[in-house]
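1. give me a 3D structure for the following:
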Amino acid sequence: MHLKSIVHMIPVLLITFGITVCFSKEKERPYLSQTSVDTLVQQAYNALNATEEISRAAPSRQDAILQAKKIVQKLKSLAEGDPNKKYILWKTGELESQIYLEENGMLLEKNQKQRKAVNIMIGQFNEELARKRPDFSRLSQLCGEMKAASAAKAGELRLSYDDRRKNIGREVVLSIEQAVERGDFDKAREDLVYCNTYQEFMGVSQTSYSLLAGKVQARVTVESEEKFIRDQINKGYTACNSFALADAHGALVVAQIRLNGIKEALIQRMWDKLFFSCRRLEKTIEQTEDSLVSVAQGLLRDKGVGEASAYVDNALRKAQVSSEKIAKVNFAILEKAVAARKPDTSAIGREIVAVVETPKDTGSPMTDILAVAREKAKNPQDTAARPSMAHLTYTERVRIRNLQLAQEGKRQREERMNKDNRDKANAMLVSVYALLEQGKRKQAVAQFAENQKFLKEYLLAEAYAKLEGMVNSEKERMK
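-> Numbers count the residues shown, from 1 in each chain. Modelled structure (predicted):
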């Protein structure tokens, strides 16, 4: 009887033990308290609100939104099977609504900034376009900047720009001709300089410009030209003192071109005086550039790469210092930045160091280094890891850079020589047209014959062909 009672009690004990185990498991299961939920949600709200504070420590709005989204995802993942699931989802829903509002606010701010930038550019464009003699290089720059902000508005600006430059091109040519007819040579010269500056923008051919310049040169007196040249030199000094070096250089070029145009009419003593005045202005421009470059080098030496880079952008480029001198400063900045970097310990870096330290016995170490670099560059697998000067020793980097500077200097000298020769050829072209305008046919034909080879090499083919045709016609008339 005692045994039977024990057998009957076994199922009851098992059921009781199972319930106890379930309850104990239920007690052991972790759950997220409402306090924890509130803390996490409040953390997200604090991050979103902190973006409104003007502080370096405050996160950006984008970072705060990303942080809030991570908290939402974390809470949703913890809500599954949690007794406080409804509360968690309710709080995450409120947080998601706030995130939505923040993202919409960011989008609106971005659109407002973009519209503001577009409106500013449109105002600048319209202001420049309304000038009697607009700066077409600035208008073209604004069209390019607008393209990045709004393609539709850029198209509208481009249409206005094209119409204006065509109209101004016709207007300037007519203005010069009318000014010559009524004897207003100051106005004619002013428009002629403007036409020369924006000749490509306005679509005025070199032949048309040379004919106009020839007409003006044939009618003006040597005294008025001499006064104009002196005014240009003074204008160059004024621009140089204001650190507007591009304007100073432009005035110098105009003075030099006009001086060459009256070389034969001036006595040698007076021509020399004006010539050396131009040389002194050129020297002053170079010294001003060198002084700005020296300041940049001093900042690089005393305050480091950041200050020097900012000075290059805010001072040298703004003053339009020559690109060659800016390049030298940028290289010095790069040299200092590279020197501060840790050496490359990758396989390609070790290989280049080995080449530098144990060069092949083929002559100059420079040749070996460049040969290895070229071989590595040919291998498509090494494209992402091509050797750079940063892996070389300081001595080898200097050698390579000196070679590059020498080649760049040679190229720039050739470009300057070609430009000077083109300017000289254009001045001769104007001179021949001026002689023809004055009726001095023999002198015009003789000058053309004397410089024919030079003119053919440095004039545009179309301009040379028209000049040759006109001179040949004059030869036929003289027979």
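2. rest of the way, CA atoms for contacts and neighbours
-> Will do.
3. show me what the helix or strand encompassing residue 307 is packed against.
-> In this assignment (DSSP states H and E), residue 307 forms part of helix 305-311. On a contact count with 3 or more CA pairs under 8 Å, 6 or more residues apart in numbering; DSSP states H and E, helix 305-311 meets helix 268-302, helix 323-340.
4. who touches it?
-> With contact meaning CA atoms under 8 Å, 6 or more residues apart in numbering, helix 305-311 is reached by 296-297, 299-300, 330, 333, 336-337.
5. which secondary element of this structure has the worst mean pLDDT?
-> Lowest by mean pLDDT, DSSP states H and E among the helices and strands of the chain is helix 2-28, with a mean of 42.
6. which is the next helix or strand following it?
-> Heading C-terminal from helix 2-28, the first helix or strand you meet, by DSSP H and E, is helix 34-50.
7. what's that next one packed up against?
-> Here helix 34-50 touches helix 61-79, helix 85-129, going by 3+ CA pairs under 8 Å, 6+ apart.
8. got JSON lines for the ones you listed, with mean neighbour count too?
-> Output for these, formatted as JSON lines (neighbours: other CA atoms under 10 Å):
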{"stretch": "helix 61-79", "mean neighbour count": "17"}
{"stretch": "helix 85-129", "mean neighbour count": "15"}
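9. to residue 197, which of these lies closest?
-> helix 85-129 (16.2 Å; CA to CA).
10. stretch 242-250 - what's its average pLDDT?
-> Mean pLDDT, stretch 242-250: 84.
11. residues in contact with that stretch?
-> Outside of stretch 242-250, the residues within contact range by CA under 8 Å, 6+ apart are 235-240, 282, 285, 288-289, 319-321.
12. can you give me how far that stretch is from the chain middle?
-> Counting by CA atoms, centre = their mean, to the nearest Å, stretch 242-250 is centred 19 Å from the centre of its parent chain.
13. and if you look at stretch 249-263?
-> Stretch 249-263 sits 29 Å away from the centroid of its parent chain (CA atoms, centre = their mean).
14. for it, buried residues please.
-> For stretch 249-263, the neighbour count (16 or more other CA atoms under 10 Å) marks 249-256, 258-262 as buried.
15. just stretch 145-153 next, same as before
-> Residues of stretch 145-153 classed as buried by neighbour count (16+ other CA under 10 Å): 146-147.
16. tell me the mean pLDDT for that stretch?
-> For stretch 145-153, mean pLDDT is 83.
17. got a list of contacts for that stretch?
-> Residues contacting stretch 145-153 (CA under 8 Å, 6+ apart): 114, 117-118, 121, 154-155.
18. could I get those as a markdown table with distance to residue 167?
-> Formatted as a markdown table, those follow (distance: CA to CA, whole Å):
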| residue | distance to residue 167 |
| --- | --- |
| 114 | 31 |
| 117 | 28 |
| 118 | 26 |
| 121 | 22 |
| 154 | 20 |
| 155 | 19 |
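19. tell me which of those is nearest to residue 67?
-> The nearest member of the contacts of stretch 145-153 to residue 67, counting by CA to CA, is residue 114 at 26.2 Å.
20. could you find the closest non-adjacent residue to that closest one?
-> Nearest residue to residue 114, sequence neighbours excluded (CA to CA, 6 or more residues apart in numbering): residue 149, at 6.8 Å.
21. just residue 460 next, same as before
-> With CA to CA, 6+ apart, the residue lying closest to residue 460 is residue 206, at 7.8 Å.
22. quick one: pLDDT of that neighbour?
-> You'll see residue 206 listed with a pLDDT of 83.
23. could you do residue 30 as well?
-> Looking at residue 30, its pLDDT reads 61.
24. offset the numbering so it begins at 21, please.
-> With the count now opening at 21, the last piece we talked about shows up as residue 50.
25. with just CA atoms, put stretch 84-100 into CSV.
-> Provided in CSV are the C-alpha atoms of stretch 84-100 (Å, rounded to 0.1, in the frame of the first residue of the first chain):
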residue,chain,number,x,y,z
ALA,A,84,23.9,62.2,-34.5
ILE,A,85,21.3,60.8,-36.8
LEU,A,86,23.4,57.7,-37.5
GLN,A,87,23.9,57.3,-33.7
ALA,A,88,20.1,57.5,-33.1
LYS,A,89,19.4,55.0,-35.9
LYS,A,90,21.9,52.5,-34.3
ILE,A,91,20.0,52.9,-31.0
VAL,A,92,16.7,52.2,-32.7
GLN,A,93,18.1,49.1,-34.3
LYS,A,94,19.5,47.9,-31.0
LEU,A,95,16.2,48.4,-29.2
LYS,A,96,14.2,46.6,-31.9
SER,A,97,16.5,43.6,-31.7
LEU,A,98,16.2,43.5,-27.9
ALA,A,99,12.4,43.9,-28.0
GLU,A,100,11.8,40.4,-29.5
